[in-house]
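Peer 1: got a sequence here, can you build the structure:
(one chain, ligands or ions: 2)
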Amino acid sequence: MSSAETPLYDPQQVETAAQKYWETTRAFEVNEASEKPKYYCLSMLPYPSGALHMGHVRNYTIGDVISRYKRMTGHNVLQPMGWDAFGLPAENAAIKNRTAPAKWTYANIDHMRGQFKAMGYAIDWSREFATCTPDYYVHEQRMFTRLMRKGLAYRRNSVVNWDPVDNTVLANEQVIDGRGWRSGALVEKREIPQWFLRITDYAQELLDGLDDLPGWPDSVKTMQRNWIGRSEGLEIQFDVRDLDGAPLDPLRVFTTRPDTVMGVSFVSIAGEHPLAMHAARNNPQLAALLAELKQGGVSEAELETQEKRGMDTGLRAIHPVSGEQVPIWVANFVLMGYGTGAVMAVPGHDQRDFEFASKYGLPKKQVIALKHPKNDDERGYDPDRWQDWYGDKTRETELVNSAEFDGLDFQGAFEALAERFERKAQGQRRVNYRLRDWGVSRQRYWGCPIPVIYCGKCGAVPVPEEQLPVLLPEDVTLTGTGSPIKADPEWRKCTCPECGADAERETDTFDTFMESSWYYARYTSPGAREAVDKRGNYWLPVDQYIGGIEHAILHLMYFRFFHKLLRDARMVDSNEPAQNLLCQGMVIAETFYRQNSDGSKDWFNPADVDVVRDERGRISGATLREDGRPVVIGGTEKMSKSKNNGVDPQTMVAKYGADTVRLFSMFAAPPEQSLEWNEAGVDGMARFLRRLWAMVQKHAAEGPAPALEPGALSAAQKAMRRKTHETIGKVGDDYGRRHAFNTAIAAVMELLNVLGKFEGSDGQARAVRQEALQAAVLLLNPITPHACHGMWQVLGHPETLLEDQPFPQVDPAALVKDAVTLAVQVNGKLRGTVEVAADAPRELIESVAREESNTAKFLEGLTVRKIIIVPGKIVNIVAG
Ligand code: ANZ
Ligand code: ZN
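Peer 2: Residues are numbered from 1 along each chain as shown. Ligands and ions are numbered 1, 2, ... in the order given. The predicted model follows:
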């Protein structure tokens with residue numbers, strides 16, 4: 001049949017029609033009144049930056065495929081969407097474009113919602129919200145005031161980046177090479193009061209809960225464990241002597257290695273430690289060092305790598321066992337915020353102490369030795385080589401030079417010393433966490449106002465619930481030098497809810513991680529008076545959560561923390577917010593550039609470059625279309641603005657249709673791996689869809705097929721039917737269990753290849769073809785739902801929601817093989833093939849194989865010693 005007679009695949013028309021049907025029938029709006037098991041499929045909500053990018057497309061397509069598949073397999077599926085709408089980019093754009101952040105944000109949301117709809121995602125849009133609207137953030141403010149009353153939110157001083165020219169606090173990303181991004185002024189560290197949430201109260205539970213999450217990737221759980229960083233150790237007290245020998249308040253250290261206590265040759269303290277400040281009062285040199293230490297970065301990575309620096313304070317600590325006096329040094333690698341801000345230094349066995357002692361000529365002492373040394377080298381102790389053998393965790397060690405503790409192993413020494421210090425009230429066992437309380441104050445305008453009132457008499461008072469929300473004014477102009485609400489005395493002015501005196505509002509706003517920590521719960525309960533109502537327990541926990549690995553630590557930790565807060569507020573019953581987590585890989589693309597004479601690079605978008613590929617499909621040459629001259633191939637990288645290698649989804653959808661874009665992004669790589677965008681691949685997907693469409697049209701044009709009669713099929717028809725059902729089995733497993741959408745698509749492609757070669761136009765041939773095409777349409781529906789919506793009608797069905805069609809089921813009878821083909825080998829070399837009945841007895845298979853003409857030739861003159869049969873596959877004749 002010619003193409004004039006088969007209506008061609010027209011993605012625009014097909015997609016508009018399907019989307020219209022879903023919209024008018026409200027196909028994806030769901031509620032709790034369902035007999036079916038619930039399934040909550042959630043993709044991380046986007047920041048409305050202006051336009052969808054390919055990373056979004058990939059993330060949301062994965063979620064959509066899972067959602068549609070789950071609905072087809074009989075679940076009541078919730079797939080919501082919203083906007084993580086507060087944040088710094090809106091302020092920057094507002095300064096640049098002279099629009100209010102709210103206006104910019106809402107315009108972006110409108111544009112991006114349109115793009116989402118064009119992708120055809122099966123979203124329940126009736127639940128949509130933007131986190132910057134008062135009816136969302138009012139709940140967050142209420143939660144916060146309740147946490148304040150429970151003591152789970154508190155205020156303390158903490159360091160921020162201060163721009164002395166713009167007179168404003170800067171976010172970390174606004175500090176570029178130590179300078180303010182706008183003013184270029186050297187940034188200073190300043191201590192200001194800020195609000196914190198006591199996430200550390202939940203540290204142990206956040207750690208233990210990871211064991212109940214078999215559906216989360218191990219890599220994420222490991223990152224979370226490390227971030228929580230639980231250590232078991234002792235807190236040990238050292239008496240302290242002032243410069244003149246007078247006793248001062250004792251010092252406490254936290255150590256995970258009390259077994260090394262007899263190797264302590266000094267104590268190191270942080271620059272902010274009270275003893276350091278005490279010693280610096282009459283020591284200008286030390287005071288200068290402390291001032292300098294305040295300047296540097298405070299990240300742990302920086303502290304690990306920076307050069308060790310310090311100074312003797314002149315103070316002395318009394319060793320708690322030996323009674324000896326050891327010096328107290330300030331050391332730049334000791335963090336004030338961890339443990340006690342003081343470390344018992346053991347340069348004989350700790351890398352950092354070793355480096356520090358080497359630099360300042362402090363003594364090193366061996367107190368740990370190998371229990372079973374293999375040679376003199378291992379028996380001896382070279383202070384500069386201790387790492388060589390001490391690092392080997394497989395060797396047993398014992399204490400030496402440690403008086404009564406000699407001979408004990410780590411555990412024995414830990415217990416003995418813990419017992420001793422506890423008895424003498426010189427210390428106790430202690431569990432320490434690296435996790436810090438969560439600082440939620442941001443000195444920015446475009447965020448949720450922190451609902452606190454400051455009164456001269458009553459201090460910090462939570463805004464009473466009936467006065468919430470504290471509204472953020474949306475109609476503002478930003479100058480770039482501070483927040484409009486900080487600058488507006490009218491906004492700040494209020495009365496104290498406790499004593500009625502004149503008072504001021506808090507002008508800081510929340511960290512935007514606050515909004516994204518509980519949005520998943522809000523989707524379950526649109527319109528609820530509280531953050532969540534009883535509908536929450538119907539939908540929660542989330543069955544499948546999908547998002548980027550960049551959120552492995554912070555977002556996912558806060559998300560789990562908030563769920564526990566909601567549980568403790570009796571709003572939800574479960575302990576964890578999400579049962580399964582999928583972290584999709586990056587979308588990458590080739591980069592192209594030209595280098596300028598000053599060394600800078602101009603990056604060219606792949607859409608503007610013509611490439612030549614070698615026979616293996618790799619790019620071997622590239623020219624800029626505009627001038628035909630070559631550009632440098634920069635290799636594949638994550639799509640980004642800086643490398644100008646982003647491919648705009650909208651352009652792709654306009655050119656190929658949403659289904660092709662969806663199909664490519666599911667076909668090109670398994671969800672967890674990186675996906676390389678390449679237009680040749682997209683083209684291939686478009687061809688595949690056109691071909692399928694044409695096959696369906698051609699088949700349908702021949703009129704309706706009769707009912708399938710499995711008993712009346714020819715061998716070829718049976719084989720075709722078997723292929724259909726093998727494909728159904730494979731694809732169901734790929735979707736449901738493996739999330740391997742790429743191999744699911746490949747299996748359907750293979751089915752269609754086989755179907756393309758399947759001949760015959762009699763009734764049963766057409767019935768078998770109808771079954772195969774219907775299966776292909778239903779199997780592909782989660783991935784290319786618009787085309788499938790259209791093809792289903794072409795196949796003779798009324799317009800309907802394919803998600804309510806049952807997912808195809810394997811007919812076990814169709815899988816039975818009548819005949820199998822076996823490879824025949826002689827001494828492991830292939831010599832021929834034979835066809836036998838699937839249930840043929842062993843003797844028959846042996847004789848048929850030996851008689852196969854080519855095989856018989858090779859067996860001539862040999863004696864058959866053994867015949868090995870791999871059922872359904874191989875007959876190997878061992879002969880000699
Ligand atoms: C003596 C010692 C000997 C240590 C030895 C280690 C090895 P984690 O496992 O991360 O909890 N430490 C304690 N407080 C510190 C602070 N505020 N800043 C920097 N380092 C600090 O690490 C605990 C170990 O880190 C502690 O055990 C302490 O050094 C150091 F062979 O004490 B240890
Ligand atoms: Zn008051």
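Peer 1: which of the residues in stretch 696-715 are buried?
Peer 2: By neighbour count on 16 or more other Cβ atoms under 10 Å, the buried set for stretch 696-715 is Val696, Gln697, His699, Ala700, Ala705, Leu708, Leu713. For glycine as for every other residue, the C-beta is placed from the backbone atoms N, C-alpha and C.
Peer 1: now stretch 739-756: buried residues?
Peer 2: Across stretch 739-756, burial judged by 16+ other Cβ under 10 Å covers 739-742, 744-745, 747-749, 751-752, 754-755.
Peer 1: how far does it sit from its chain's centre?
Peer 2: How far stretch 739-756 lies from its chain's middle: 29 Å, per Cα atoms, centre = their mean, to the nearest Å.
Peer 1: with stretch 402-422 instead?
Peer 2: In terms of Cα atoms, centre = their mean, the centre of stretch 402-422 is set 43 Å apart from its chain centre.
Peer 1: name the nearest residue to Thr73, sequence neighbours excluded.
Peer 2: Once flanking residues are discounted, Thr73 sits nearest to Phe807: 4.9 Å by Cβ to Cβ, 6 or more residues apart in numbering.
Peer 1: from ligand 2, how far off is that neighbour?
Peer 2: Going from Phe807 to ligand 2 by Cβ to the ion, to the nearest Å gives 63 Å.
Peer 1: report how many residues lie close to that residue.
Peer 2: Close neighbours of Phe807, defined as other Cβ atoms under 10 Å, add up to 23.
Peer 1: that one: what secondary structure?
Peer 2: Secondary structure for Phe807, judged by DSSP: H, G, I helix; E, B strand; the rest coil, is coil.
Peer 1: state the distance from it to Lys70.
Peer 2: Here the criterion is Cβ to Cβ, to the nearest Å. By it, Phe807 lies 9 Å from Lys70.
Peer 1: all helices of the stretch 401-550 of the chain, in order?
Peer 2: Ranges of helices in the stretch 401-550 of the chain, per DSSP state H, counting those that start in this stretch, are 410-423, 489-492, 519-522, 535-539.
Peer 1: then the stretch 101-250 of the chain?
Peer 2: 101-119, 134-150, 203-209, 218-228.
Peer 1: which residues are in contact with the longest one?
Peer 2: To tie it back to what came earlier, the one meant is helix 101-119. Contacts of helix 101-119 with the rest of the structure, by Cβ atoms under 8 Å, 6 or more residues apart in numbering, involve 15, 19, 46, 48-52, 57, 60-61, 64, 81, 83, 85, 90-91, 93-94, 97, 123, 128, 130, 132, 445-446, 474-476, 478, 649-650, 653, 658, 661-662.
Peer 1: what residues does the chain have near ligand 1?
Peer 2: Contacts of the chain with ligand 1, taken as Cβ under 6 Å from any ligand atom, map to 231, 254-257, 260, 333-335, 338-339, 341, 343-344, 346, 349-350, 432.
Peer 1: cutoff 5 Å now
Peer 2: 231, 254-257, 260, 334-335, 338-339, 343, 346, 349-350 (Cβ under 5 Å from any ligand atom).
Peer 1: point me to the residue of the stretch 51-200 of the chain nearest ligand 1.
Peer 2: Across the stretch 51-200 of the chain, no residue is closer to ligand 1 than Thr200, which sits at 14.2 Å (Cβ to the nearest ligand atom).
Peer 1: can you give me every residue that contacts the residue lying closest to Leu251 once chain neighbours are set aside?
Peer 2: Distance criterion Cβ to Cβ, 6+ apart; nearest residue to Leu251, sequence neighbours excluded, is Phe238 at 4.8 Å. For Phe238, the contacting residues are Pro250, Leu251, Arg252, Val253, Val267, Ala317, Ile318, His319, Pro320, Met344, by Cβ under 8 Å, 6+ apart.
Peer 1: the fifth one touches Ala342, doesn't it?
Peer 2: Yes: under the criterion of Cβ atoms under 8 Å, Val267 makes contact with Ala342 at 6.2 Å.
Peer 1: between the two, which contacts overlap?
Peer 2: Common contacts of Val267 and Ala342 (Cβ under 8 Å, 6+ apart): Leu251, Val253.
Peer 1: returning to that earlier point: so which of the buried residues of stretch 739-756 sit within helices?
Peer 2: Of these, the ones assigned to helices by DSSP state H are Phe741, Asn742, Ala744, Ile745, Ala747, Val748, Met749, Leu751, Leu752, Val754, Leu755.
Peer 1: wait, is Val343 part of a strand?
Peer 2: Yes: Val343 forms part of a strand when assessed by three-state DSSP.
Peer 1: before we move on, the earlier item: emit the PyMOL select command for whichever of the residues of the chain next to ligand 1 are buried.
Peer 2: To isolate the buried members of the residues of the chain next to ligand 1 in PyMOL, using 16+ other Cβ under 10 Å:
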select buried, resi 254+255+257+260+334+338+339+343+346+349+350
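Peer 1: quick revisit: buried ones among the contacts of helix 101-119?
Peer 2: Buried by 16+ other Cβ under 10 Å: 15, 19, 46, 48, 52, 57, 60-61, 64, 81, 83, 85, 90-91, 93-94, 123, 128, 130, 132, 445-446, 476, 478, 649-650, 653, 658, 661-662, out of those.
Peer 1: any regions of this structure where pLDDT drops low?
Peer 2: The chain contains residues with pLDDT under 70 at 1-6, 296-304, 383-392.
Peer 1: who in it is up against ligand 2?
Peer 2: Within the chain, the positions lying close to ligand 2 (Cβ under 5 Å from the ion) are Cys455, Lys457, Cys458, Cys496, Glu498, Cys499, Ala501.
Peer 1: the first one pairs with what?
Peer 2: Here Cys455 sits in beta bridges with Gly459, Ala503, as judged by DSSP bridges.
Peer 1: what is the burial count for it?
Peer 2: 19.
Peer 1: can you check the fourth one too?
Peer 2: When counting by other Cβ under 10 Å, one arrives at 18 neighbours for Cys496.
Peer 1: can I assume Glu292 sits in a helix?
Peer 2: Yes: read with three-state DSSP, Glu292 is one of the residues of a helix.
Peer 1: show me what contacts it?
Peer 2: Residues near Glu292 by Cβ under 8 Å, 6+ apart: none.
Peer 1: show me the strands in the stretch 351-500 of the chain, by range?
Peer 2: 368-370, 397-399, 427-433, 438-439, 441-442, 452-455, 459-462, 493-495 (DSSP state E, counting those that start in this stretch).
Peer 1: if we can go back for a sec, return the most buried member of the helices of the stretch 401-550 of the chain.
Peer 2: Ranked by mean neighbour count under mean count of other Cβ atoms under 10 Å, those are led by helix 519-522, which reaches a mean of 24.
Peer 1: got the CA coordinates for that one in PDB?
Peer 2: The C-alpha trace of helix 519-522 is given here as PDB (Å, rounded to 0.1, in the frame of the first residue of the first chain):
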ATOM      1  CA  TYR A 519       5.900  19.500  49.600                       C
ATOM      2  CA  TYR A 520       5.500  15.800  49.000                       C
ATOM      3  CA  ALA A 521       3.000  15.700  51.900                       C
ATOM      4  CA  ARG A 522       1.100  18.800  50.800                       C
END
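Peer 1: how long is stretch 443-461 end to end?
Peer 2: In stretch 443-461, first residue to last residue: 19 Å (Cα to Cα, to the nearest Å).
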